[in-house]
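Peer 1: what's the 3D shape of this:
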Amino acid sequence: MKVKRGSGQAGDGFSRILANTGWLLGGKGVGAILSIAYLAIVTRTLGVADFGRFALVLSAAQVIKTLVSFDSWQIVVRYGQPHLTAGHGDALNRVLRFCILIDLASAVAGGLIAAAILLLFADLLEVGPHMAWQVWLFCMVMMITIRSSPTGLLRLFDRFDSAALAETMIPVGRMIGAGAALLWMPDITGFLIAWAFAELLCALSYWGLALRVGHGRIGHWRAGRAIDARRENPGIIGFLTATNLQTSLSSIGQQVAVLIVGAFVGPVGAGLYRLANQLANSLTKISSLLSRSIFVELSRTSSHGKEALGALFRRTNRLALIAGAVIIALIATIGRPLLGFIAGPDFLPAYPLLLLLGIAACIELIGVSYRPLLMATDRAGLSLRITFVATLLLLGLQAALLPLYGTIGAAVANIVAALGGFAMMGWASRRAVAGDK
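Peer 2: Here you go, the predicted model:
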């Protein structure tokens with residue numbers, strides 16, 4: 001009977017994962033179509049060299065945002081779920097306000113780091129004194145539009161449909177902004193303004209929908225102090241620190257890689273590398289979407305016993321394996337014509353990078369269940385250590401291979417690091433499902 005009950009719970013959870021991922025994919029489907037259009041506008045307007053400079057600025061801003069921001073949505077889901085189940089709306093509100101304070105502190109820290117980077121490394125980014133203020137303002141927009149807290153609220157209430165709607169504001173905003181920039185300001189500054197507009201539009205949409213969904217269910221905004229969430233939710237600081245470091249480490253390799261490539265081979269190489277990386281990640285976007293849905297369901301299922309948790313974990317693994325195989329086939333067959341259609345013939349040298357980076361991204365897709373499982377079973381520290389080792393492997397291999405093989409070496413480093421992370425995460429996840437410490 002236990003097996004049947006576990007299977008039933010796993011089936012319900014798996015159905016919700018598919019439904020929630022479907023909502024997210026719907027939003028990303030719109031985004032994918034629009035991204036082809038606005039990428040075509042940007043690449044064809046700026047050309048290879050200026051697009052490389054634009055890519056360096058975007059990567060620098062994303063690195064800063066990744067370093068200082070916390071995945072506070074996971075805090076809202078992980079520690080808000082018991083309060084929601086117990087009907088303790090005020091306690092849930094304190095968790096939410098605690099996460100908002102963290103996001104605000106992150107924005108301040110990010111602004112200071114951005115100013116320091118522009119003062120010290122403006123020449124490396126090739127922005128020059130005349131663009132420094134514009135780049136800093138763009139970085140500040142990226143900081144103040146951190147939207148992890150409202151994202152967590154929508155996922156806590158299973159409103160992935162609302163989250164998908166809010167997320168589509170990024171490609172919609174970029175498409176509108178890119179069109180406006182093409183007409184009135186067809187240069188790097190114009191496209192930076194377009195990208196900043198999209199971030200603001202998305203953040204406002206997230207907060208508007210989150211407050212609407214949570215109305216009447218998230219307690220009172222003046223019920224106690226936000227800092228009391230530390231005492232009421234044991235382990236929240238450790239979990240918060242682990243999620244921040246893990247997100248930073250897993251993302252830093254991808255964004256820093258563009259900066260490293262730019263330092264070794266210049267803006268043209270950086271532009272080709274970023275375009276290939278962006279297209280590869282677009283084709284494997286299902287990875288991050290599945291991860292978000294899986295974490296929510298594994299957090300719920302972890303209290304139902306090892307059988308239910310293991311059954312859900314195995315089903316999500318099979319789904320990820322099929323998705324990864326299909327996407328690798330798509331990259332191999334339509335990757336080159338898609339690249340030429342979007343960016344033009346000048347960017348076709350990026351196809352080998354697209355193929356290699358796509359393989360690396362698909363390896364991560366196949367193991368998409370591993371990290372959410374470790375986080376949901378209170379093994380955030382172990383997940384962090386594995387991510388740290390995998391990131392060191394990536395950066396070390398890039399440092400070794402870039403001088404020898406250029407951008408191809410950097411892409412191969414991604415594959416090797418992805419395989420190493422996949423093996424380590426898989427070993428740790430199997431132990432977690434078995435209940436081993």
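
Peer 1: switch to C-alpha atoms for all contacts and neighbour counts from now on
Peer 2: Noted.

Peer 1: what about the nearest residue to residue 35 once chain neighbours are set aside, neighbour count?
Peer 2: In this structure, residue 35 finds its nearest non-sequential neighbour in residue 171, 6.2 Å apart by CA to CA, 6 or more residues apart in numbering. By the criterion of other CA atoms under 10 Å, residue 171 has 25 neighbours.

Peer 1: got the contact list for the helix or strand harbouring residue 171?
Peer 2: Element membership for residue 171 (DSSP states H and E) is helix 169-184. Residues from elsewhere that reach helix 169-184, judged by CA atoms under 8 Å, 6 or more residues apart in numbering: 30-32, 34-35, 37-38, 41-42, 45, 187, 190-191, 193-195, 197-199, 201-202, 205.

Peer 1: quick one: pLDDT of the residue lying closest to residue 148 once chain neighbours are set aside?
Peer 2: Spatially, and ignoring its direct neighbours in sequence, residue 148 is nearest to residue 73 (4.9 Å; CA to CA, 6+ apart). Note for residue 73: predicted pLDDT of 77.

Peer 1: So for the helix holding residue 171, what gets flagged as buried?
Peer 2: Neighbour-count burial for helix 169-184, with 16 or more other CA atoms under 10 Å as criterion, is recorded at 169-182.

Peer 1: cool, stretch 154-170 as well?
Peer 2: Buried-residue list, stretch 154-170, by 16+ other CA under 10 Å: 154-156, 158-170.

Peer 1: Let me know the closest of the residues you listed to residue 228.
Peer 2: Distance to residue 228 across these (CA to CA) is lowest for residue 156, with 20.5 Å.

Peer 1: Return the backbone torsion pair for the closest one.
Peer 2: Backbone torsions for residue 156, taken as degrees, to the nearest 10, come to phi -60, psi -40.

Peer 1: Pretty sure it sits against residue 77.
Peer 2: Yes. When contacts are counted by CA atoms under 8 Å, residue 156 is listed as touching residue 77 (5.2 Å).

Peer 1: Please name the residues that touch residue 339.
Peer 2: Counting by CA under 8 Å, 6+ apart, residue 339 touches 347, 348, 351.

Peer 1: Need the pLDDT of it.
Peer 2: The per-residue pLDDT of residue 339 was computed as 76.

Peer 1: Also residue 202?
Peer 2: On the pLDDT scale, residue 202 gets 90.

Peer 1: in what helix or strand does it lie?
Peer 2: Assigned by DSSP H and E, residue 202 belongs to helix 188-214.

Peer 1: Would you mind pulling up the elements that that helix packs against?
Peer 2: On a contact count with 3 or more CA pairs under 8 Å, 6 or more residues apart in numbering; DSSP states H and E, helix 188-214 meets helix 2-68, helix 128-144, helix 148-156, helix 160-167, helix 169-184.

Peer 1: just checking, next helix/strand downstream of it?
Peer 2: helix 229-232.

Peer 1: got a list of contacts for that following helix?
Peer 2: For helix 229-232, the external contacting residues (CA under 8 Å, 6+ apart) are 91, 94, 95, 98, 236, 237.

Peer 1: Any chance you could give me that helix in PDB, C-alpha atoms only?
Peer 2: Extracted C-alpha coordinates of helix 229-232, given in PDB (Å, rounded to 0.1, in the frame of the first residue of the first chain):
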ATOM      1  CA  ALA A 229      11.800  35.600  10.400                       C
ATOM      2  CA  ARG A 230      15.300  34.500  11.400                       C
ATOM      3  CA  ARG A 231      14.200  33.300  14.800                       C
ATOM      4  CA  GLU A 232      10.900  31.800  13.500                       C
END
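
Peer 1: before we move on, back to that, among the contacts of helix 229-232, the buried ones, what's the PyMOL command?
Peer 2: With 16+ other CA under 10 Å as the criterion, this PyMOL line picks the buried residues out of those:
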select buried, resi 91+94+95+98+236
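
Peer 1: Export the contacts of helix 229-232 to JSON lines and append columns for pLDDT and distance to residue 424.
Peer 2: Formatted as JSON lines, the contacts of helix 229-232 follow (pLDDT from 0 to 100; distance: CA to CA, whole Å):
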{"residue": "91", "pLDDT": "86", "distance to residue 424": "37"}
{"residue": "94", "pLDDT": "89", "distance to residue 424": "36"}
{"residue": "95", "pLDDT": "87", "distance to residue 424": "32"}
{"residue": "98", "pLDDT": "89", "distance to residue 424": "33"}
{"residue": "236", "pLDDT": "82", "distance to residue 424": "25"}
{"residue": "237", "pLDDT": "81", "distance to residue 424": "25"}
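
Peer 1: Alright, calling it a day.
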